[in-house]
Every structure is written in C-alpha cells, then in structure tokens.
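In: Take this sequence and fold it.
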Amino acid sequence: MATYNKLTPELIEQLKAAAPGHLYTGEDVNEDYSHDEMPIYGKQMPDALLMATSTEEIAAVMKICNDNLIPVTPRGAGTGLAGGCVPVLGGVVIDTTKMKKILSYDLENFTVTIQPGVLLQELADDCSRQGYLYPPDPGEKLATVGGNVSTNAGGMRAVKYGTTRDYVLAMTVVLPTGEITKFGAAVSKTSSGYSLLNLMIGSEGTLGIITELTLKIIPAPKKVISLVIPFEDLESAISTVPLIKKANLGPQALEFMEREIVLSSERYIGRSVFPQVIEGVTAGAYLLVTFDGEDEDELLDLVEKTSDLVLEQGALDVLVADSPAKIKDAWAARSSFLEAIEAETKLLDECDVVVPCNQIASFLTFAKQYGEECGLIIKSFGHAGDGNLHIYQCSNDLPEEEFKARVDKYFHTLYDHAVQCGGQVSGEHGIGRGKVKYLIESVGETNMALMEGIKKVFDPNMILNPGKVCYTL
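Out: Numbering: from 1, shown residues only. You can find the predicted model right below:
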C-alpha cells in the first residue's frame, strides 16, 4: 500500500497560494463532499476542497499534493452511484463544476469543445439550439459531462448511437504529477500508438483529471416519436426486444421497466402516464421505445412495423406519443425512477450489470428470485436494447449492517451469474469504491494486475482517487 501524508497548516497555505480564493477547509466545506448519490458506500470528509477554475490551477495543486503524498479525489456533480468520488483518505477534493464553459463549436467538422463541469442537460440544450445533437443520453441530466466521460456513461440512446466513449475526440488532462498533456485529436480515425484517450475514458478519475473535452456532435434528427408498450409480464416484454433489433427497425432508445417501478415513479411525479389495465388485463411490464428520423412518413412506417411485431408477441396495446408534451411525459416518468426509489426506500444499493440481450429475461428472473431468497426487495429497469440492467436492492426494515451483508451475498452470486451469461459487472455506472471486489472476481487477478500497472505508470505515488476501480486500500 502506498504511503500518504496529512495536510499540515503549511501545506494548506501552499495550496491557497496556488489557488487564491478557491481553496476551502473546515466548516467551509459542505457535507455533500463526503459522499455521492449512493451513500451506502461510506462517507468521508475531505481535509480541503479546491473549487477549480482552470487547468493551470489544478496542475499547481496536483504538483504540491504529489510532492507531499497527499491523496486527491476528483469530483464533478457528485451524481455517481459507486462511491467513485468519496475521499476515502481525506486529503484534497478537486471540484470541477465551476469549469462550466461551452468554449467553441466547429460546425464544419461537427465538434464542440467544453470544460468538464458543463452539465449534460446544458450541453444537450445548447447543441439543440445550434441544430445539432450530442447523442449520449445518460439518465442523470444534471451530471457533468466530465463525469460522464470518466465513467463512460451510456444512457438511453446507446442502442442506436453508442456510449460516451464514441463521442470523445480529444481532451486536456492534468496528470497526478501535475503535468498538463493532451490526448486524442479532432479527427475521425487514428492508428497513432496506444490510445491514451481511451484509457482515460472510463478511468473514473484514477489516471488524471480532465480539464477540457472536444466532442463529436451530429445533425439533430428532424422528427422524434415514442411508443409506450404494455405487456402482461416482464418475460413477454423482454423476449420481444431481440425481435425488434433483428427487424432492423433502428430505435433510438429501447427501455424496459417493471410495473412496481412505474407506479413508484408516477407517485413521485404526481401523475399517471403509463396505462395500468388494458381490456381487463393488468400490465406487469412495459417497453418504452423511441424512434428518430428525417420525416414523419419514415417514422410512421417504423411505428406501424413495430406495432405489428409487438402485438403479435403479446403486447396489450401500443400507445403513441407523437407530440413534444406526450414524449416529455413518458420520459419524465422513466427519468424519475431512481429518485422515486430513493423517496420510498430507507436503504438501497444497485448494480448496473450488463448481459447479452438474449439473456436479459432469464437473468432478470434469476435476479428477482435470488433477491427474494436473500430477503431483499428487488426493483429493476434498464436499457433493453443493449442489455444494461439497473437492479436495485431495497429495504425499509433491515438494520444497515444486515442489509449490507445480504446485498454482498446477493452481488457475489449475481455477478458470477452475469459472467456465466457472458456479461460484465458494470455497463455505465463504473466500479468506483463499491464494486472493486466483484470486478476482481469477474475479470481475474491477471487483468486486475494489468490495470493496477497502468495506474502506477500514470500515478507513481498512487495519490489520485486511491482505492478505486483497480485495487483496494
């Protein structure tokens, strides 16, 4: 294990000199900096907080911390779900949310350059005003784009457009040593050595701190339409997904959700969106499908083909959301799932396991049954089109330590089953602090050693986000 030092008054003064007016300590640091959106993975206050405003400021602070073996934890909006931004050893938290400028567009080359603290919703809205689309669409719209890149967030549109990784062309990075470097370039292809850019994407703030991003954008589709498709049970809904993909219908998004999570969401947002009973049959699960395209006729043809297909497979109905208001309502319910669970649950944990699409139905059945064996309430939803499942473990009556023990037992078995199905531990939320031991079991000691070796090349003193992703403290 690496050796770390504590911040002394002298070092704090050095840091304040390196970042005048932007370094905070003691009661000036909000308690929110001790955890992310999944506090089950622990809380720890930092000894100091840098509200960074520039690459150079971050570099100066990183150099001081590296020279003095002070642990540093990068942080965006704190919306992570794996404990990735928890400062487990105290030290310094570097918050990049003040670096929130959309710097420039190059519309001839279809790129936008931003600082890492730009929120996903801000970037989406600004691109839309230019007539363009930034395709990655993770569910948490108030996350920073820098955070999305750090976890390679996927989101709802991944089934058609891919994940965040597919839209990152270049970045400026401050290394743990304080050096400033650039990875990638605003070009569409490269065979220029190892892809350091792709090592940074998804590295969860363990290899460097991203301070600028150049991203690919595309012309915005002219028309969008969504379908709400109720089924009697989850198995019927999920078994339809491979058929939709095989029919080459090209949905922009293809989501699944169980009845209970829909009811929780509608209680949370205060209105009913999804039909509950169709001709006397209670809907047990739903697909939410979105198509985009260049003209209305094209989309109506896709809607007709999809409707015919799903009704043949047992769908109870097909409801078409063909206006901005109806589409917004349907997706507002979907986007509120996590908040709805949090509002009704005292203790919760989550895995965003990913499995091949043809394994989704059987895997969810196993997850539900084994959760009941472990004495846990299981709620699930996710990205049916790419096999990324969000499975929540909930309890309102267990003591916290008993809940953690049951969830740990559940995770060991669930992730082992995922690997047997050809899947992996995380599809988009990352490993952070909470999932390291399950990753070790999943990928094995050889691959973990390779990842830790890469970490040591970037971060020889192991000061940046210690104990995350590839090793434990």
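
In: what's downstream of the helix or strand of the chain with the lowest mean pLDDT, the next helix or strand?
Out: Every helix and strand in the chain was compared by mean pLDDT, DSSP states H and E; the lowest is helix 324-335, with a mean of 84. Downstream of helix 324-335, the next assigned helix or strand under DSSP states H and E is helix 337-344.

In: what's that following helix packed up against?
Out: Helix 337-344 sits against helix 259-269, strand 388-395, with contacts defined as 3 or more C-beta pairs under 8 Å, 6 or more residues apart in numbering; DSSP states H and E. Every C-beta, even on glycine, is put in place using the N, C-alpha and C of the backbone.

In: returning to what we had before: give me the contact list for the least confident helix or strand of the chain.
Out: Applying C-beta atoms under 8 Å, 6 or more residues apart in numbering, the external contacts of helix 324-335 come out as 139, 141, 156, 224-226, 228, 255, 257, 262, 265-266, 269, 271, 273-274, 288, 290, 321, 381.

In: angle of that helix against helix 337-344?
Out: Here the directions of helix 324-335 and helix 337-344 differ by 60 degrees (axes from the mean of the first three to the mean of the last three C-alpha atoms, to 10 degrees).

In: starting at the chain centroid, how far to helix 324-335?
Out: Relative to its chain's centre, helix 324-335 lies at 20 Å (C-alpha atoms, centre = their mean, to the nearest Å).

In: can I get the CA coordinates of that helix in PDB?
Out: The C-alpha trace of helix 324-335 is given here as PDB (Å, rounded to 0.1, in the frame of the first residue of the first chain):
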ATOM      1  CA  PRO A 324     -43.300  17.000 -27.600                       C
ATOM      2  CA  ALA A 325     -45.600  17.100 -24.500                       C
ATOM      3  CA  LYS A 326     -46.500  13.400 -24.700                       C
ATOM      4  CA  ILE A 327     -42.900  12.400 -25.300                       C
ATOM      5  CA  LYS A 328     -41.800  14.600 -22.400                       C
ATOM      6  CA  ASP A 329     -44.400  13.000 -20.100                       C
ATOM      7  CA  ALA A 330     -43.400   9.400 -21.000                       C
ATOM      8  CA  TRP A 331     -39.700  10.100 -20.500                       C
ATOM      9  CA  ALA A 332     -40.200  12.200 -17.300                       C
ATOM     10  CA  ALA A 333     -41.600   9.100 -15.700                       C
ATOM     11  CA  ARG A 334     -38.600   7.000 -16.900                       C
ATOM     12  CA  SER A 335     -36.100   9.600 -15.800                       C
END
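
In: List the buried residues for it?
Out: 326-327, 329-331, 333-335 (16 or more other C-beta atoms under 10 Å).

In: between it and helix 259-269, how big is the angle?
Out: Using the same axes, to 10 degrees, helix 324-335 lies at 110 degrees relative to helix 259-269.

In: on that earlier part again, quick one: the buried residues of helix 324-335 as JSON lines, columns for distance to Ala52 too.
Out: Below are the buried residues of helix 324-335 laid out as JSON lines (distance: C-beta to C-beta, whole Å):
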{"residue": "Lys326", "distance to Ala52": "41"}
{"residue": "Ile327", "distance to Ala52": "37"}
{"residue": "Asp329", "distance to Ala52": "38"}
{"residue": "Ala330", "distance to Ala52": "38"}
{"residue": "Trp331", "distance to Ala52": "33"}
{"residue": "Ala333", "distance to Ala52": "36"}
{"residue": "Arg334", "distance to Ala52": "33"}
{"residue": "Ser335", "distance to Ala52": "29"}
